[in-house]
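Visitor: I need the structure of the sequence given here:
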Amino acid sequence: MISASVSVRPNTNTLILKGYMALETRLYHKLAQQLVMTPQLQQAIKMLQLSKLELVEAIQQELEENPLLEEDLEAREEEEEVIKEEHLSEEDWDSYLSASEFDKPASTTYRDKDSEAGFESFTSHQTTLLEHLLWQLGLSDTDNKTLQIGEALIGNINEDGYLESSTQEVADSLKVDREDVENVLSGVVQGFDPPGVGARDLKECLLLQIKALGIGNPLIEKVVSDYLPFLEKRDYKGLAKVLGAEMEDVMLAVKAISALEPKPGRPFQQEPATYIIPDVYVFKVGREYVVMANEGGIPRLKLNEFYKNSLNGMEKGAASKEYIQDKARSASWFIKSIQQRQRTICKATESIVKFQKEFLDKGIMYLRPMVLRDVAEDIGMHDSTISRVTTNKYVHTPQGLFELKYFFGGGLNCSNGESAASGSVKDMIKRIIEGEDPKKPYSDECIMELLKRSGIEIARRTVTKYREAMRIASSSRRARGF
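Guide: Numbers count the residues shown, from 1 in each chain. As a prediction, the model looks like this:
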């Protein structure tokens, strides 16, 4: 927005007349450009960067605060009828998409049939380690004192399965003898499932598992009790030397120890699956790809007819009339902001599809390097707008579910003069590591050379960065001596 501003600035001309100072004020005209961010524009930008869940929350909040805004239940009922017909229909997607309804804009909705059932209602509660241990304690044939000490000990076991407080601290908190706490720990809690739970350090944890599994090998117990640092350094030759044992026996012991669980509480740390609902779908119809916005779960909005009609009977300038008019304008802008958000997401996705047809056809190895400006210039928007519209937005494609940001990773130079997307290079690194010899894993330097043979110009530090981004350990940690 361009605005002309008139500024009044004091122009101070200093006149010294018999000890007096005179100030003279003059009026200047100045034309300047400035961007005025109206509340409506700020709201539109905010709506653009919201995720789908945040958008639904924002709509619910606006419905509560603005009486002129209401959910269009009739449109929702019509949509539900369409969904029922889709469930009953045996037509394939090709025939469905060829119908005239396809020509409608972002209002066309695709829904996963399974999503209507509310999957979360069928999932079971994930038992925690604390609950599992308390359940076992409750089944134990113990007196009240042992039960009290056991509960205190279990309450001080962390999510990895280790006891964080000392037995003396537990004893002091309960005002009992430390020996009683030690007896409950070793005689009750450390006998619970999972094996190794309640240990105070790694050595005790592994020894408890060896005992629980009935491994009667003195060499294994000796290594765990006295020589764990050798395992951490993978110094198997040095370990064999200090033990005075054959290398073959040492490696068998190492293999058995490696099969133990250093964090017995790990199986109870599984986080519930996160379900991502796509903001937009990409389908292939014939030889072309079609983009469709997913508006499922987003309330349909309209202006409240009662309040809107009541404006006709109100006096001009009345406070109530101004209030309703203001809320009506706000509601209208809110609805337009949502519609604009959906259209912009579709436009950005259509542009991405145009650039990434080979990826959609053949897979990640054909992912094309892109930057935000590519899409911004293609659809006539600013880079910052594309950044907002692709953040926390997901697209379902024939190649899987991706965040729209996934497609903007830049690229690396190839020997043939072209460039490769960082995503496809990461996939190549992953494949190289998956195919390596576990006894002689590839170093980052070696991976760099292998990529260069494939025509990818890449620095070793970039290989390291990509490997760490995929949470793949270094070659020294991937090495297996057996």
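Visitor: flag every buried residue along stretch 349-366.
Guide: For stretch 349-366, the neighbour count (16 or more other Cβ atoms under 10 Å) marks 349-353, 355-356, 359-360, 364, 366 as buried. For glycine as for every other residue, the C-beta is placed from the backbone atoms N, C-alpha and C.
Visitor: what is Glu70 paired to in the beta sheet?
Guide: Here Glu70 sits in beta bridges with Lys302, going by DSSP bridges.
Visitor: mind listing what it touches?
Guide: Taking Cβ atoms under 8 Å, 6 or more residues apart in numbering, we find Glu70 in contact with 63, 301-304.
Visitor: closest to Ile458 out of these?
Guide: Leu301 (49.8 Å; Cβ to Cβ).
Visitor: next, count neighbours for the closest one.
Guide: Leu301: 20 surrounding residues under other Cβ atoms under 10 Å.
Visitor: against Gln168, how distant is it?
Guide: 63 Å (Cβ to Cβ, to the nearest Å).
Visitor: what residue spans form the domains of the chain?
Guide: 2-38, 129-268, 411-478 (automatic domain parsing).
Visitor: reformat those domains as CSV; add distance to Asp383 and mean neighbour count.
Guide: Shown next, in CSV, are those (distance: least, Cβ to Cβ, whole Å; neighbours: other Cβ atoms under 10 Å):
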stretch, distance to Asp383, mean neighbour count
domain 2-38, 16, 9
domain 129-268, 42, 16
domain 411-478, 17, 15
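Visitor: so, low pLDDT: which residues of the stretch 301-450 of the chain?
Guide: 313, 317, 409-420 (pLDDT under 70).
Visitor: and the strands in the stretch 251-400 of the chain?
Guide: Under the criterion DSSP state E, counting those that start in this stretch, strands of the stretch 251-400 of the chain are mapped to 280-285, 288-293, 301-303, 394-397, 400-403.
Visitor: distance of the nearest residue to Lys405 once chain neighbours are set aside from Leu404?
Guide: Once flanking residues are discounted, Lys405 sits nearest to Thr390: 5.1 Å by Cβ to Cβ, 6 or more residues apart in numbering. Using Cβ to Cβ, we find Thr390 at a distance of 4 Å from Leu404.
Visitor: please name the residues that touch Ser476.
Guide: Counting by Cβ under 8 Å, 6+ apart, Ser476 touches Arg234.
Visitor: ok now the lengthiest helix in the chain, how far from the chain's centre?
Guide: Ordering each helix of the chain by length in residues (DSSP state H) puts helix 319-355 first. Mean C-alpha position of helix 319-355 versus that of the full chain (Cα atoms, centre = their mean, to the nearest Å) differs by 27 Å.
Visitor: mind listing what's buried in it?
Guide: Within helix 319-355, the residues that count as buried by 16+ other Cβ under 10 Å are 321, 324, 327-328, 330-331, 333-335, 337-338, 341-342, 344-353, 355.
Visitor: repeat that for stretch 367-376.
Guide: Across stretch 367-376, burial judged by 16+ other Cβ under 10 Å covers 367-370, 372, 374-376.
Visitor: which members of those residues are the farthest-apart pair?
Guide: Largest separation among the buried residues of stretch 367-376 by Cβ to Cβ: Leu367 and Ala376, giving 19.3 Å.
Visitor: just give the nearest non-adjacent residue to Pro278, would you?
Guide: Per Cβ to Cβ, 6+ apart, closest to Pro278 is His396, 4.0 Å.
Visitor: just Leu367 next, same as before
Guide: Nearest non-adjacent residue to Leu367 (Cβ to Cβ, 6+ apart): Ala421, at 4.0 Å.
Visitor: surely the one you found meets Val371?
Guide: No. Between Ala421 and Val371 there is no contact under Cβ atoms under 8 Å: 10.9 Å.
Visitor: that older thread, now do the residue nearest to Pro278: how many residues are near it, please.
Guide: Close neighbours of His396, defined as other Cβ under 10 Å, add up to 20.
Visitor: who does it bridge with?
Guide: With DSSP bridges applied, His396 shows beta-bridge pairing to Tyr281, Leu401.
Visitor: re the thing from before, next, format the domains of the chain as JSON lines and append distance to Leu55.
Guide: JSON lines is the format used below for those (distance: least, Cβ to Cβ, whole Å):
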{"stretch": "domain 2-38", "distance to Leu55": "21"}
{"stretch": "domain 129-268", "distance to Leu55": "34"}
{"stretch": "domain 411-478", "distance to Leu55": "27"}
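Visitor: so which of those gets nearest Pro278?
Guide: When the domains of the chain are compared by Cβ to Cβ, domain 411-478 sits nearest Pro278, at 18.5 Å.
Visitor: how far away from the center of its chain is that closest one?
Guide: Centroid displacement of domain 411-478 relative to its chain, using Cα atoms, centre = their mean, is 24 Å.
Visitor: do stretch 224-242 as well
Guide: Chain-centre distance of stretch 224-242: 40 Å, with Cα atoms, centre = their mean.
Visitor: and stretch 252-265, by the same measure?
Guide: Distance of stretch 252-265 from its chain centroid, counting by Cα atoms, centre = their mean, is 32 Å.
Visitor: same check on stretch 128-138?
Guide: Distance, stretch centre to chain centre, for stretch 128-138: 31 Å (Cα atoms, centre = their mean).
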